[in-house]
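Peer 1: compute the structure for the input listed below.
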Amino acid sequence: FLHMLFIVGAASKSLRAAAILCCRNPLQRSYFGCLKLPLFSETCNITCQATHMAELRNTSEVSDTAGSGVGNASAGLAAGSEVGNGSTELGDCVEITEGRAKILFPSSNEVFYNPVQEFNRDLSIAVIKYYSEHLWSPDRFRKIKRPTLRSEPTVSKPASSTSTHAHSPRATSPDSANQTGEDTGERNPPASGGRTVGETTASHCETPAAVDPAGTGPEAEPRGQAEVDWEGGGTAVAMEVEASEREGSLDPDGVCEREGEEQLAVDPSAAANWKQPDIPGLQILEALAASGLRSIRYALEVSRAHSVLANDFSPEAFRSMTRNIRHNGVQDKVKPSCREASMLMYEHREPYPNRFDVIDLDPYGSPSQFLDSTVQAVVDGGLLCVTCTDTSVLCGNHSETCHSKYGSMSIKAKYCHEMALRIVLSSLESRANCYHRYILPLLSCSVDFYLRVFVRVFTSPAEVKRSPSKLAMVYHCMGCESFHLQPIGRRLEEGKSKRYPPATGPPVGKQCEQCGGVFKLGGPIWTDPIHDSEFVRGLLESVRASPELYHTAGRINGLLTVVSEELHDVPLYHVLDQLCSTLHCTSPKMLALRSAIMGQGYRVSISHASANAIKTDAPHRVLWDIMRCWVKQNPVKNIKADSPAAAILSKEPEIAASFAIRQDANPPSRLLKLARFPENPQANWGPKARARKRGEGVEELPAKRHRLQGKRNRTDEEDSK
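Peer 2: Numbers count the residues shown, from 1 in each chain. This next block holds a predicted model:
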């Protein structure tokens, strides 16, 4: 029926809108929404959210009866019973307090929530606050290319060659910098003869809930405009999508394109007098908001947050975040949205003012499917906050899956957590390079069971040419687990002469020179610094100045202190346990080994990713010579002749290492006894179960572990029982 409606009414917008009204199934909505027809996808999105809002109103009676309705929040709190620290039971919901936000969560696990990631949210708030105060500029259009000014009108292009903004992502953005590789200056949008760039066509922080699909009512809004009653009789929020945005766009010369219309020339004097619009604060997108907790905290705790768009494709999550937004009274800043995240970000690529200053991605699993749209939907110099919880894939357990998601082969090694961070940064860089953009990492963390990276995105075709020199392949010895890096590209920059040829190599032979083992190949990975030293120091000072703002301030202080002590120009690290295990010897004290390395004139540091990490710029031969000296002082017995230990110890050390402890070998974070590597505060501290639909049972983690115990050794018949 739906297919027949679409075919018969292909030329009728009213029939297409009627077809969308029948699409209660998300797969059907996605099918019709992906069709590139004028007004069609927009109507689909509007109708989807109208359906969700209607369901929300229908279920409000249940919430009120349970004592957790938004209108009767105070009554529910009075009748609630204490559940634990910062949580209150309200009938079918539980109120949880985190930071300045109070969130209502359904006890049936319909919406995902993990208290483990409170540290993640606290750190994100600290980073965004510091970014907004020291790096962000309200001049969001500073990188827009200056349009070519014309004094005479030109004839419009044929209709067949006219492209919409969805197919011309660099029409009005800094991504349209000239293709010769030279950086461009500022550009001003047209100030006459049509809409200017500064006139934003659609507020991305407003989500429709009801619309007249045909637009034929006696008081119908203009096409593309929908007025929504969010409060069930209260404040109305309108979403305006101008017809000019769907039917035309700004060409690279700043001239408005519309089918069947003449293109008016840009007035030079008007362009010169054009003023930057007043942007009062950050525009933030949380693409996968779930309950909206993170968005609400951004609105309440980030002083420069002007608007926050909380989006989630799940109807249950949409209802939950809408309830929580009203429960916290932040309707003026936070707007809920029920859209597919990638499509939402693709639609905000153009016009350029519609892009976001900050985009937060915190998915359940891998963010790989969202990275392409994310790097395009952020302003020049904007901030991306990306979480990856698929550490099993990134740390080498499933290398082929890692390649399919991130374009790199992961290696199962002791340094896997830092390598995982560098794989994610490499993937972000490669996605950004497709649009003449590049990334600048500010902070990259491996914490608990997930990764969290904070990067800025800039536009510069010239800088993109340097990207191959920031990446490298990893040669990993399967015997002694030494590693060597093979850069992909080189930089040859002398004055105005700049060339970026392929790198030469390989850095190793067929066999390891230390143990005679063979190599396996991983990567490419990011080899430039994964932290910005100045940013980390400033962020650390701001957290220390206001520790009362963050419940996990102690851990943030410890993490940032360790990060500030890392050697940022040294990729990957060794692990003391791995070195001793290879040689089957007793383990020296960490301070003794650090002192021996420093005694040879090399630098050494710890890593936030591992408590026993040794990050040093000493060559592998020097490191193994130091271990040979240790074995001479502490002999080992019963070494197999064909083992890597026998091959390594068969060579005499070329240096004389001293293991006397130096005072400067003890890092400040250890002297201050900071919370560098805290233990898990409770059992089953880690990933939680995915959110389930209403009525589905939730299997607790201990029960799941018991069920899967010995699964690989069981037969099919035993599994069926």
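Peer 1: so, low pLDDT: which residues of the protein?
Peer 2: 1-92, 107-113, 139-279, 681-682, 684-701, 705, 712-721 (pLDDT under 70).
Peer 1: mind doing that once more with 80?
Peer 2: Along the chain, segments meeting pLDDT under 80 span 1-93, 105-116, 138-280, 678-721.
Peer 1: burial check on Asn612, number of neighbours?
Peer 2: Residues near Asn612, counting by other C-beta atoms under 10 Å, number 19. All C-beta spots, glycine's among them, are computed from the backbone N, C-alpha and C.
Peer 1: for Trp630, see how far away the closest residue to it other than its chain neighbours is.
Peer 2: Excluding its sequence neighbours, the residue lying closest to Asn612 (C-beta to C-beta, 6 or more residues apart in numbering) is Leu576, at 4.5 Å. For Leu576, the distance to Trp630 equals 11 Å [C-beta to C-beta, to the nearest Å].
Peer 1: between the two, which contacts overlap?
Peer 2: 588, 593 (C-beta atoms under 8 Å, 6 or more residues apart in numbering).
Peer 1: all strands of the stretch 401-550 of the chain, in order?
Peer 2: 437-447, 450-459, 471-477, 483-487, 492-494, 497-499, 519-526 (DSSP state E, counting those that start in this stretch).
Peer 1: to Thr616, which of the ones you listed lies closest?
Peer 2: Ranking the strands of the stretch 401-550 of the chain by proximity to Thr616 (C-beta to C-beta) places strand 483-487 first, at 12.5 Å.
Peer 1: correct me, but Asn397 touches Lys412?
Peer 2: Yes: contact criterion C-beta atoms under 8 Å: Asn397 and Lys412 qualify, at 6.4 Å.
Peer 1: surely Val308 touches Ala299?
Peer 2: Yes: Val308 is within contact range of Ala299, at 5.1 Å (criterion: C-beta under 8 Å).
Peer 1: can you list the strands of the stretch 401-550 of the chain in JSON lines and add mean neighbour count and distance to Trp136?
Peer 2: Formatted as JSON lines, the strands of the stretch 401-550 of the chain follow (neighbours: other C-beta atoms under 10 Å; distance: least, C-beta to C-beta, whole Å):
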{"stretch": "strand 437-447", "mean neighbour count": "22", "distance to Trp136": "12"}
{"stretch": "strand 450-459", "mean neighbour count": "23", "distance to Trp136": "10"}
{"stretch": "strand 471-477", "mean neighbour count": "24", "distance to Trp136": "28"}
{"stretch": "strand 483-487", "mean neighbour count": "18", "distance to Trp136": "33"}
{"stretch": "strand 492-494", "mean neighbour count": "9", "distance to Trp136": "30"}
{"stretch": "strand 497-499", "mean neighbour count": "10", "distance to Trp136": "30"}
{"stretch": "strand 519-526", "mean neighbour count": "22", "distance to Trp136": "24"}
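Peer 1: ok, now which ones touch Leu485?
Peer 2: 472-475, 507, 527, 571-572.
Peer 1: quick check, nearest of the residues you listed to Val455?
Peer 2: Thr527 (15.3 Å).
Peer 1: ok, the closest one to Arg437 distance?
Peer 2: From Thr527 to Arg437 the distance is 19 Å (C-beta to C-beta).
Peer 1: for Val631, same thing?
Peer 2: From Val631 to Arg437 the distance is 50 Å (C-beta to C-beta).
Peer 1: count the residues that sit near Pro501.
Peer 2: 11.
Peer 1: contacting residues around the closest residue to it other than its chain neighbours?
Peer 2: Nearest residue to Pro501, sequence neighbours excluded (C-beta to C-beta, 6+ apart): Arg490, at 5.6 Å. For Arg490, the contact set (C-beta under 8 Å, 6+ apart) comprises 469, 500-504.
Peer 1: filter those down to just the ones in helices.
Peer 2: Among these, none falls in helices (DSSP state H).
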